[in-house]
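J.: no sequence for this one, just the structure:
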């Protein structure tokens, strides 16, 4: 891009681009871009704490950026009519735990 358009790739593309409706506490819960990642992490930590209060089996998750991206994607798929997903990965990568948290939310 630099040689053809004299523009850096990082100036145009801003990672990550996430969407969801689980960050807002308001009643309308609008589906919007999640640009404030610290607020997103705070809300996910609150949901995780609430999950641990309700369920007997406690989950001690570290919500790093990739885990937060996966939760946003899983929630989007689950909320669709007849939504389902095939999650792939090695054992112990958190597929089941992230899905349980997303379904709880």
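T.: Arrived safely. In this text the structure is predicted, and so the values were computed from the model without any measurement.

J.: alpha carbons only for contacts and neighbour counts from here, please
T.: OK.

J.: worst-scoring helix or strand of the protein, pLDDT-wise?
T.: Taking mean pLDDT, DSSP states H and E as the measure, the chain has helix 9-12 as its least confident helix or strand, at a mean of 76.

J.: so the spatially most central residue of the chain, which of the three states?
T.: Computing the C-alpha centroid of the chain and ranking residues by CA atoms, centre = their mean puts residue 72 first, at 2.6 Å. Judged by DSSP: H, G, I helix; E, B strand; the rest coil, the three-state class of residue 72 is helix.

J.: was I right about it contacting residue 17?
T.: No: between residue 72 and residue 17 there is no contact under CA atoms under 8 Å: 10.5 Å.

J.: picking up where we left off before, return the residues in contact with the residue nearest to the centre of the chain.
T.: 18-20, 102 (CA atoms under 8 Å, 6 or more residues apart in numbering).

J.: From those, pick the one nearest residue 55.
T.: residue 102 (14.1 Å; CA to CA).

J.: Unless I misread the structure, the closest one falls within a strand.
T.: No: applying three-state DSSP, one finds residue 102 to be helix, outside a strand.

J.: re earlier: roughly how far apart are the residue nearest to the centre of the chain and residue 51?
T.: 17 Å (CA to CA, to the nearest Å).

J.: ditto for residue 104
T.: 7 Å.

J.: out of these two, which sits in the more crowded spot?
T.: residue 51 (18 against 12; other CA atoms under 10 Å).

J.: which other helices and strands contact the strand or helix carrying the more buried one?
T.: Using DSSP states H and E, residue 51 maps to helix 37-54. With contacts defined as 3 or more CA pairs under 8 Å, 6 or more residues apart in numbering; DSSP states H and E, helix 37-54 has these neighbours: helix 95-104.

J.: hmm, who's touching the helix it packs on?
T.: Residues contacting helix 95-104 (CA under 8 Å, 6+ apart): 47-48, 51, 59, 67, 70-72, 74-75, 78, 87-89.

J.: Great, nothing more from me.
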